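Asker: Need a 3D model of the sequence below.
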Amino acid sequence: MTRHLALAVVLLAALPDLAIAQLGPPPPRPPTPGILQEIGFDQRLGEPLPLDLAFKDETGKDVRLGDYFGRKPVVLSLVYYQCPMLCTLSLNGLAGALEVLSFVPGQEFEVVTVSFDPREGPVLAAAKKKAYLSRYKRPGAAAGWHFLTGPKEAIDRLTRAVGFRYAWDDETKQFAHPAGILVATPEGRISHYLFGVEYSPKDLRLALVDSSRGQIGNVVDQVLLYCYQYDPRTGRYSAEIMSVVRLGGLVTVLALGGFILSTTVRRRGRAKGPDPRGEPLNR
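Answerer: Numbering: from 1, shown residues only. Okay, the predicted model is just below:
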C-alpha cells in the first residue's frame, strides 16, 4: 500500500511536466516591462527615405533601397525573420490584406520587407519569401514582393528615418519592437502608417491610391478619398462628415435634375408625336 501511495505521489508531481510535453514548448516570454519604454513608432510623415541604402535581396544580389522606387508607391515593412511571434503576425496581416486587394505587387505597387536584424542573411530572406508566396498565390507577385537583409549601418539609418524604435532584450533573447507597416510615394516620401498586426484592405488600398497621386485606382477610389480622410493618430481612414454631406447633397441635386429633365423630354415627346391615325396632335 505504501509503495502504491509513493508511486501516486511521483505521478502527480510529474503531471505538469507531462502536460507541457504534450502541449509542446512554452510560448515566448514577453519582453521585460522596462524595455517597453524604448520601443515605438514615431511618425515621419512627408519625410524622405534614404534611398541610397545598400542591402541584399533574397537571392543575395546587392541592391539599393531606391531600386524599388521611382514609378510606383511602396509598402515597407520592418521585421526580423526569426521573430517567434509578432513579426509573423504582422506579415500574416499584410498577406491577408494583399489577398483582398485587386492591385498586384509588381504591377500597381511594390512591397519591400526589410529585416532589422543584421545577423540575418539572404538564406533566411529567401525562406521567408517562399513561405509567403506559397500563401499569396497571385501571379506575378514574386517580382513585386522583396525580402531584404543588410548591415547594421543601413538598418540604423532606415529605422531612424521611419521612426521605428526597437531594442534587444537580454532576458528573453528577442527584439522588442512595434508592429505596423508604412506606405511611401514613388519618390520615396513617407505618406501613411498603418499600425498593428491586421491591416484593413480598404485603408491599404486608399493609402496606395493616395500615395500614387492618382496614377492607380479608379473613380470610386477618388470618391472614397474625398469622403474618407487619413487620420495619422490611428493610422486609419475615417469618414469626413462634411465631405459626405456635400457629396450626398450633390448626388441628390443631380438625381433631381436628371428626373426633371427626363420628365420634360417625355412630355415634349408626347405633345409633338403623331396620334394613332397618323395625324399631328397639335392643330
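Asker: give me the low-pLDDT residue ranges for the stretch 151-283 of the chain?
Answerer: Per-residue confidence for the stretch 151-283 of the chain (pLDDT under 70) gives these ranges: 217-219, 221-226, 240-283.
Asker: Could you rerun that using 50?
Answerer: Where the stretch 151-283 of the chain drops to pLDDT under 50, the residues are 241-257, 281, 283.
Asker: need the strands for it, in chain order.
Answerer: In the stretch 151-283 of the chain, the strands defined using DSSP state E, counting those that start in this stretch lie at 164-165, 167-169, 174-176, 180-184, 190-195, 228-231, 236-239.
Asker: Single out the most deeply packed of the ones you listed.
Answerer: Compared across the strands of the stretch 151-283 of the chain, strand 180-184 shows the largest average neighbour count, a mean of 24 (mean count of other Cβ atoms under 10 Å). C-beta here means a position set from N, CA and C on the backbone, and glycine is covered the same way.
Asker: could you check the angle strand 190-195 makes with that one?
Answerer: Counting by axes from the mean of the first three to the mean of the last three Cα atoms, to 10 degrees, strand 180-184 lies at 160 degrees to strand 190-195.
Asker: Remind me what strand 180-184 packs against, helices and strands.
Answerer: With contacts taken as 3 or more Cβ pairs under 8 Å, 6 or more residues apart in numbering; DSSP states H and E, strand 180-184 sits against strand 74-79, helix 86-100, strand 190-195, helix 201-211.
Asker: Each with direction, which strands does the third one pair with?
Answerer: Using DSSP bridges, the neighbouring strands of strand 190-195 in the sheet come out as strand 180-184 (antiparallel).
Asker: Alpha carbons only: can I get the partner strand in CSV?
Answerer: C-alpha atoms of strand 180-184 as CSV (Å, rounded to 0.1, in the frame of the first residue of the first chain):
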residue,chain,number,x,y,z
GLY,A,180,3.0,48.2,-38.4
ILE,A,181,3.7,49.0,-42.0
LEU,A,182,4.1,52.2,-43.9
VAL,A,183,3.4,53.4,-47.4
ALA,A,184,5.7,55.7,-49.3
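Asker: measure Leu182 to Leu124 for me?
Answerer: 22 Å (Cβ to Cβ, to the nearest Å).
Asker: Please disregard the earlier target; I meant Ala97.
Answerer: Separation of Ala97 from Leu124 (Cβ to Cβ): 23 Å.
Asker: list the contacts for Ile35?
Answerer: With contact taken as Cβ atoms under 8 Å, 6 or more residues apart in numbering, Ile35 is in contact with Ala167, Asp169, Ala176.
Asker: is it true that Leu206 touches Gln229?
Answerer: No: taking contacts as Cβ atoms under 8 Å, Leu206 lies outside contact range of Gln229: 9.8 Å.
Asker: so what sits against both of the two?
Answerer: Common neighbours of Leu206 and Gln229 (Cβ under 8 Å, 6+ apart) are Tyr237.
Asker: follow-up on the earlier one: right, so the helices and strands packed on strand 180-184: which one is the most enclosed?
Answerer: On a mean-neighbour basis (criterion: mean count of other Cβ under 10 Å), the most buried of the helices and strands packed on strand 180-184 is strand 74-79, at a mean of 24.
Asker: Can you pull out the residues in contact with it?
Answerer: Strand 74-79 has contacts (Cβ under 8 Å, 6+ apart) with 49, 68, 87, 90-91, 94, 105, 109-116, 158-159, 162, 164, 177, 181-184, 186, 188, 204, 208.
Asker: on that earlier part again, so can I have a markdown table of the strands of the stretch 151-283 of the chain showing distance to Ser77?
Answerer: What follows is the strands of the stretch 151-283 of the chain, written out as a markdown table (distance: least, Cβ to Cβ, whole Å):
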| stretch | distance to Ser77 |
| --- | --- |
| strand 164-165 | 10 |
| strand 167-169 | 19 |
| strand 174-176 | 15 |
| strand 180-184 | 5 |
| strand 190-195 | 10 |
| strand 228-231 | 18 |
| strand 236-239 | 17 |
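Asker: can you tell which of the ones you listed is closest to Glu120?
Answerer: strand 174-176 (11.1 Å; Cβ to Cβ).
Asker: The closest one pairs with which strands?
Answerer: Counting by DSSP bridges, the strands paired with strand 174-176 are strand 167-169 (antiparallel).
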